[in-house]
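> turn this into a structure:
(chains A and B)
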Amino acid sequence: MSIPGALRREVRFSSRDPVLWLWLALVLGLSAMSVAFGLAEVERQNETIQKLIDGDRHDRLAQYDKQESWGSAAYYSFHLTYDPPSDFAYAAMGQRDAQPWMHRIRMLALEGQIHERDVANPSIALIGRFDFAFLAAFVIPLVLILLLYDLRARERIAGRHDWLEATVGQPTSFWLLRASLRAGAVFVTLVVPVIIGGMVAGASPAKWFVATLGVFAYVALWTMACFFVSSWRRPGSVIMLALIAIWVAIAVIVPAGARLAIDRLVPIPTGADILLLQRETVNDAWDLPREVTMAAFFERHPEWSEYQPVEGSFEWQWYYAFQQVGDQRTEQLSTAYRDGRLRRDHMAAWVSILALPSLLERFLQSLADTDLRAFFEYEEGVRGYHAALRDFYYPKFFRNEAFDRTLLEDLPSFKPGNPGMG
Amino acid sequence: MMLQADSLHVARSGKEVLSGISFSVDAYEVYALLGGNGAGKSTTLLSFLGFLSPTAGSVLVKHTDVYSDIAAARKAIAYLPESASLYEHLTAQENIAYFLQLAGMSASSPAIDAALDRVALSPNARRRKVGGYSKGMRQKTAIALAMLRDTDILLLDEPTSGLDPNAIDEFHQTIRSVADSGKAVLMVTHDVYGACHAADKIGMLQGGKLKGEFAAEGHGIDIEAVRKAFSATVVPS
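Numbering: from 1, shown residues only, chains lettered A, B, ... in the order given. Sure thing, here's the model as predicted:
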């Protein structure tokens, strides 16, 4: 029988199987739910960002009206930075659940502001995010296992296995077709909601096409694994246990073990270390001779080295100088933190070749710009924007320029997706 | 020669189940293998289907060693297993249509109905799902399927198991007519009288060895001789 003929035969046969329909309904329901949750979360984040954007300029202008100097204007005004969700974030929220995607920053020392945040949303940390990436990477293999583990064993139990093989002539292609058809049906019901979600979210077709290809390859790998293991002449329960053991190994044990090993191999400072050091540096500056602070500041800004601080009086130049020195002191820790996390992430990427669910999850997060790289790009954007604010204010401070509210119109504005200046 | 076992030795799980049996089945012939439980009857059938490689000797289907081309051997054979485990969520007609398609064949609904008529499965029953069938009804469906396969060889494993006496008689007549149309039929059974009634030759298996063969002469096979030989094979040694 030709391949299309065999395919039609198996489609007709499988379409009469109520158990298969139940599984497909479950997958469709879960996929639709995960996409709906993702779209709702993206909408919530966009609404939050839009609300803050709307209020940002208004709040700042209201503050400026109350100020009489460049120093106090800089001190009391907040500047919104944000990382809007990408058009594919609904499918893979990734680091957006664990890392901040907006900061309202001030002209004070920056590193503390970056690291002073909730480390995680406790409710999310408790149950985890049920997004499409999680469903596809971790749940779908279990569905495939439960759907395919007894592909042959149930026929053996029913006493049909040898009869079928004797009738069909080419048993390998027959079993493979049966497994592929079932897995194919799971794949289609899995990706249809994410494609519809992509249309709703206005995601680029290229992006969900590539995502679909990745999911297809992943489903194909699991199907082959189930196909080969299910061909053992063992009871179905033994085959299921073997497949579940494979899932546990590559979905849980390998990633967890690798995480422990990587954390040990690549120690990194914590955000709290950075925050603490910066606060100590800034607080200590009040008690240090001002020339000590200014000397450190002039290393970075020799152009203002003519400034002579006056001991015993409050000067904005000195105040912002020790804020910057706070950042300078934590630079090494901050770089170590970022480099360490990227190194860990790089190692985890290699390990994920063995831990396929993590590999697919990372792939989808990378497409959705919700991976660690995207998070650090946003953080660099915040640093760039903060540097631009300093570039705006420092000449005003050190040249003792008269306060002119109209010049505040020239303040740089944050633009997401680039170093942050507009 | 349609089927031939030549000094066939087969082991399962390290234990020898067939110990050098030799016999053959020609076209136009019904050959019944009789024997008690564990005699090696089903193992013999599975060897012809290429499921159990011989440890020594050979099995030939249409003069070709089965293990040199298993697919070709299976294509020439319609096999009816002891337990006709049809798909319960399909009707008899759908089961037959599906299995025929598996074999690369197709049959029209009238052809399937005609085959089901021959095995006397009622028209009402054949449109119901097999899940509600008795063992006999399932067996009738499987027999209809085996006949529709229209292969040169039929291998039947306890084909009358679960059938009522009338259906058994009808089945034997059907098998006879199938063989008379030029096909070779090898069946394994416990049913001494049925075998004597339908078969041209009977092989008596005991402990993996062929203890004797009985051929039809004049008015058929000597039932009494077969019965005595069969009783001897099932007496614990």
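
> C-alpha from now on. contacts and neighbour counts both.
Will do.

> please identify which helix or strand holds the nearest residue to A:R156 once chain neighbours are set aside.
If you skip the residues right next to it in sequence, A:R156 has A:D162 as its closest partner in space, 7.6 Å away by C-alpha to C-alpha, 6 or more residues apart in numbering or on different chains. Assignment of secondary structure by DSSP states H and E places A:D162 within helix A:161-168.

> which helix of chain A spans the most residues?
Secondary structure assigned by DSSP state H gives helix A:18-66 as the longest helix of chain A.

> up against chain A, what does chain B have?
B:49, B:51, B:70-72, B:74-75, B:78-81, B:83-86, B:89-90, B:98-99, B:101-104 (C-alpha under 8 Å from any C-alpha of the partner chain).

> which of those fall in helices?
Judged by DSSP H, helices contain the following of the residues of chain B next to chain A: B:70-72, B:74-75, B:98-99, B:101-102.

> dump these into JSON lines; add neighbour count and pLDDT as well.
Conversion of these to JSON lines gives the following (neighbours: other C-alpha atoms under 10 Å in any protein chain shown; pLDDT from 0 to 100):
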{"residue": "B:I70", "neighbour count": "19", "pLDDT": "91"}
{"residue": "B:A71", "neighbour count": "19", "pLDDT": "89"}
{"residue": "B:A72", "neighbour count": "17", "pLDDT": "91"}
{"residue": "B:R74", "neighbour count": "24", "pLDDT": "91"}
{"residue": "B:K75", "neighbour count": "20", "pLDDT": "90"}
{"residue": "B:Y98", "neighbour count": "22", "pLDDT": "93"}
{"residue": "B:F99", "neighbour count": "22", "pLDDT": "93"}
{"residue": "B:Q101", "neighbour count": "19", "pLDDT": "91"}
{"residue": "B:L102", "neighbour count": "22", "pLDDT": "91"}
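
> in chain B, which helix or strand is least confident?
Least confident helix or strand of chain B, by mean pLDDT, DSSP states H and E, is helix B:223-234 with a mean of 81.

> buried ones in it, by neighbour count?
Neighbour counts using 16 or more other C-alpha atoms under 10 Å in any protein chain shown place B:223, B:226, B:229-230, B:233-234 of helix B:223-234 among the buried residues.

> out of the residues you listed, flag the one nearest to chain A.
Within the buried residues of helix B:223-234, the smallest distance to chain A is 25.5 Å, found for B:V234 (C-alpha to the nearest C-alpha).

> where does the chain have low pLDDT?
Since no chain was named, I'll use chain A. Within chain A, the set of residues satisfying pLDDT under 70 comprises A:1, A:117-128, A:418-422.

> correction: the question concerned chain B.
Of all residues in chain B, those with pLDDT under 70 make up the ranges B:234-237.

> now the residue most central in space within it: closest residue in space that isn't a chain neighbour?
When C-alpha atoms, centre = their mean is applied to chain B, the residue found nearest the centroid is B:L156 (1.1 Å). Among residues not flanking B:L156 along the chain, B:M187 sits closest, at 4.4 Å (C-alpha to C-alpha, 6+ apart).

> the domain parsing of chain B - what is it?
Chain B breaks down into these domains under automatic domain parsing: B:1-76+B:154-219, B:83-150.

> closest one to A:G112 among those domains?
Ranking those by proximity to A:G112 (C-alpha to C-alpha) places domain B:83-150 first, at 66.2 Å.

> next one: that closest one to chain centre, how far?
Distance of domain B:83-150 from its chain centroid, counting by C-alpha atoms, centre = their mean, to the nearest Å, is 17 Å.

> start to end distance for it?
According to C-alpha to C-alpha, to the nearest Å, domain B:83-150 extends 21 Å from its N-terminal end residue to its C-terminal end residue.

> where along the stretch 201-350 of chain A do the helices fall?
With DSSP state H, counting those that start in this stretch applied, the stretch 201-350 of chain A shows helices at A:205-230, A:236-248, A:254-265, A:271-285, A:290-300, A:316-351, listed in chain order.

> and these as TSV, adding distance to chain B and mean neighbour count?
Output for the helices of the stretch 201-350 of chain A, formatted as TSV (distance: least, C-alpha to the nearest C-alpha, whole Å; neighbours: other C-alpha atoms under 10 Å in any protein chain shown):
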stretch	distance to chain B	mean neighbour count
helix A:205-230	18	18
helix A:236-248	18	17
helix A:254-265	37	14
helix A:271-285	61	19
helix A:290-300	79	17
helix A:316-351	41	19
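
> distance to A:L151 for those - can I get that in CSV?
What follows is the helices of the stretch 201-350 of chain A, written out as CSV (distance: least, C-alpha to C-alpha, whole Å):
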stretch, distance to A:L151
helix A:205-230, 7
helix A:236-248, 9
helix A:254-265, 28
helix A:271-285, 51
helix A:290-300, 69
helix A:316-351, 31
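
> and of those, who's closest to A:T406?
Nearest to A:T406 among these is helix A:316-351 (20.3 Å), distances taken as C-alpha to C-alpha.

> contacts for the next helix-or-strand element following the closest one, please.
Counting by DSSP H and E, the next helix or strand C-terminal to helix A:316-351 is helix A:356-367. Applying C-alpha atoms under 8 Å, 6 or more residues apart in numbering or on different chains, the contact partners of helix A:356-367 are A:88-89, A:91-94, A:133-134, A:136-138, A:207, A:211, A:214-215, A:218, A:250-251, A:255, A:349, A:352-353, A:371.

> how about helix A:356-367 as CSV, C-alpha atoms only?
Taking Å, rounded to 0.1, in the frame of the first residue of the first chain, the C-alpha atoms of helix A:356-367 are listed here in CSV:
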residue,chain,number,x,y,z
LEU,A,356,16.0,18.2,26.0
PRO,A,357,13.1,19.8,27.8
SER,A,358,15.4,22.6,29.0
LEU,A,359,16.8,22.9,25.5
LEU,A,360,13.3,23.5,24.0
GLU,A,361,12.4,25.9,26.7
ARG,A,362,15.6,27.9,26.2
PHE,A,363,15.0,27.9,22.4
LEU,A,364,11.5,29.3,22.8
GLN,A,365,12.6,31.8,25.4
SER,A,366,15.4,32.9,23.1
LEU,A,367,12.8,33.4,20.3
